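1. A structural model of the following input is requested.
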Amino acid sequence: MSKANDLIPKGYFDTHKVVDGTAAGVLVDMAVSDLILFPEEKMPDLELSPEEAALAEEVRTCTDAEQLVRWMRKPVSGLLRSRILRRALAFEKDVLPLMEHRALTTQLDAFEDCVTMFFLVCKKNPCPWIMEHYDEVRSEFLQSQFCLILGMRGSPNYIPFLLEQVDRFEKLRTKEQYLEQGPLLGINALQGWPDEREDWNVYDAPAFFDLPLTVDLPEELSEEEMREQTKEGTELFEKVKAEAAEYLKQRMEQILAWYEGGQPLERIAVEVGLPEEVVASMIRVQQNEKNGAAESEAADETEPDAE
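-> The predicted model follows:
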């Protein structure tokens, strides 16, 4: 049994349910799709208003870390936000300290989302800073998101702390927020990890994330063409995302097939361009899904017929 599983009470997820569609999970999906899977040149400004298109051009050439952080504090569309975050990641060394400082006192939803997405994918592992300053963070929502990050980028040593936070946030639950989902998803992400894992950066995995998309993306459009093609652009973007999701599903299944066919973990990691620890986690996820499906089928077969 792994160290992580030793720390998680038996049957924990039977009594502490993961809820689909909460902010914690949604922001992870957006960080992956907006900042990792789709290079900027594959995301045309089809849905940007003329005002945001002009701002996007300023963002593209901005080298001022403080200005980039100021833009993060404004409510903007998801497409523009992804461009701001991409640009900020290019100046991480200067941007990160500014974000850390503001994260302690912010109550702005837009900035909290940006902090979460930035910390999920930045090169420097944010977990030590989060643990050092966690109690200073005024926003309980951002504390919840930081718990998710501890699970996504940390080690099993954080599990006792995350268990405490689940209990604390469950007592604070409202109809609008499920703050316990941050630490709960963090614990879920750490399941199966045997020991400390090395810091890893998703941008070091070009082989895995080089998606073979067949969709032909349009060239740069004028403002008038963008307005005319907004609907087509939305449909195109959804098609690209759907194709990418299907490709990743097939890639995950292929990794599991290689592993179950006897391929060494080290060789698979080299093939897909990911750290061994990440590949091992992906394999465990696939195995858990297969085992869960098999148990469900077995239960259906043994369930007595209703009279």
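2. counting neighbours, what do you get for residue 17?
-> Look at residue 17: counted by other CB atoms under 10 Å, it has 11 neighbours. Bear in mind the C-beta positions are built from the backbone N, C-alpha and C, glycine included.
3. got the contact list for it?
-> Contacts for residue 17 (CB atoms under 8 Å, 6 or more residues apart in numbering) come out as none.
4. try residue 253
-> For residue 253, the contacting residues are residue 286, by CB under 8 Å, 6+ apart.
5. model confidence for it, exactly?
-> For residue 253, the pLDDT comes out at 81.
6. that one sits in which helix or strand?
-> Here residue 253, judged by DSSP states H and E, is contained in helix 230-260.
7. residue 116: neighbouring residues, count only.
-> By other CB under 10 Å, 24 other residues sit near residue 116.
8. assign residue 279 to helix, strand or coil.
-> Assigned with DSSP: H, G, I helix; E, B strand; the rest coil, residue 279 falls in the helix class.
9. please disregard the earlier target; I meant residue 93.
-> Residue 93 ends up helix, using three-state DSSP.
10. can you tell me how far it sits from residue 83?
-> Distance of residue 93 to residue 83, computed by CB to CB, to the nearest Å: 20 Å.
11. now swap in residue 134 and tell me
-> Separation of residue 134 from residue 83 (CB to CB) stands at 30 Å.
12. now swap in residue 66 and tell me
-> According to CB to CB, residue 66 stands 17 Å off from residue 83.
13. the two: which has the busier surroundings?
-> More crowded of residue 66 and residue 83, by other CB under 10 Å: residue 83, with 23 against 10.
14. pLDDT score assigned to the more buried one?
-> Predicted confidence (pLDDT) for residue 83: 87.
15. who touches residue 74 in this structure?
-> Per CB under 8 Å, 6+ apart, neighbours of residue 74: residue 110.
16. hmm, back to that, downstream neighbour of the helix holding residue 253 in the secondary structure list?
-> Following helix 230-260 toward the C-terminus (DSSP H and E): helix 265-272.
17. which other helices and strands contact that following helix?
-> Applying 3 or more CB pairs under 8 Å, 6 or more residues apart in numbering; DSSP states H and E, we find helix 265-272 packed against helix 206-209, helix 230-260, helix 276-302.
18. mind giving me the domain ranges of this structure?
-> As assigned by automatic domain parsing, the chain contains the domains 3-199, 205-297.
19. weakest of these by average pLDDT?
-> The bottom spot among those, by mean pLDDT, belongs to domain 205-297, with a mean of 64.
20. hey, where'd the helices end up in the stretch 101-250 of the chain?
-> Counting by DSSP state H, counting those that start in this stretch, the stretch 101-250 of the chain has these helices, from start to end: 109-121, 127-133, 140-153, 159-171, 181-190, 206-209, 223-228, 230-260.
21. who touches the fourth one?
-> Residues outside helix 159-171 that contact it (CB under 8 Å, 6+ apart): 4, 7-9, 16, 131, 140, 143-144, 147, 150-151, 179-180, 182-184, 186-187, 190.
22. and for the second one?
-> Contact with helix 127-133 is made by 100, 104, 119, 146, 149, 150, 153, 154, 155, 158, 161, as judged by CB under 8 Å, 6+ apart.
23. tell me the contacts of the second one?
-> If you count contacts by CB under 8 Å, 6+ apart, residue 104 has them with 133, 136, 137, 138.
24. what is the burial count for the third one?
-> Applying other CB under 10 Å, we find 20 residues neighbouring residue 137.
25. my read is that it contacts residue 144, right?
-> No - with contact defined as CB atoms under 8 Å, residue 137 and residue 144 do not form a contacting pair (10.0 Å).
26. residue 179 is in contact with residue 140, isn't it?
-> Yes - assessed by CB under 8 Å, residue 179 is found in contact with residue 140 at 6.0 Å.
27. quick one, which of these two is more surrounded?
-> When residue 179 and residue 140 are compared for neighbours, residue 179 comes out ahead with 25 against 14, by other CB under 10 Å.
28. state the distance from the closest residue in space to residue 154 that isn't next to it in sequence to residue 186.
-> Leaving out its chain neighbours, the residue that sits closest to residue 154 by CB to CB, 6 or more residues apart in numbering is residue 127, at 4.3 Å. Going from residue 127 to residue 186 by CB to CB gives 10 Å.
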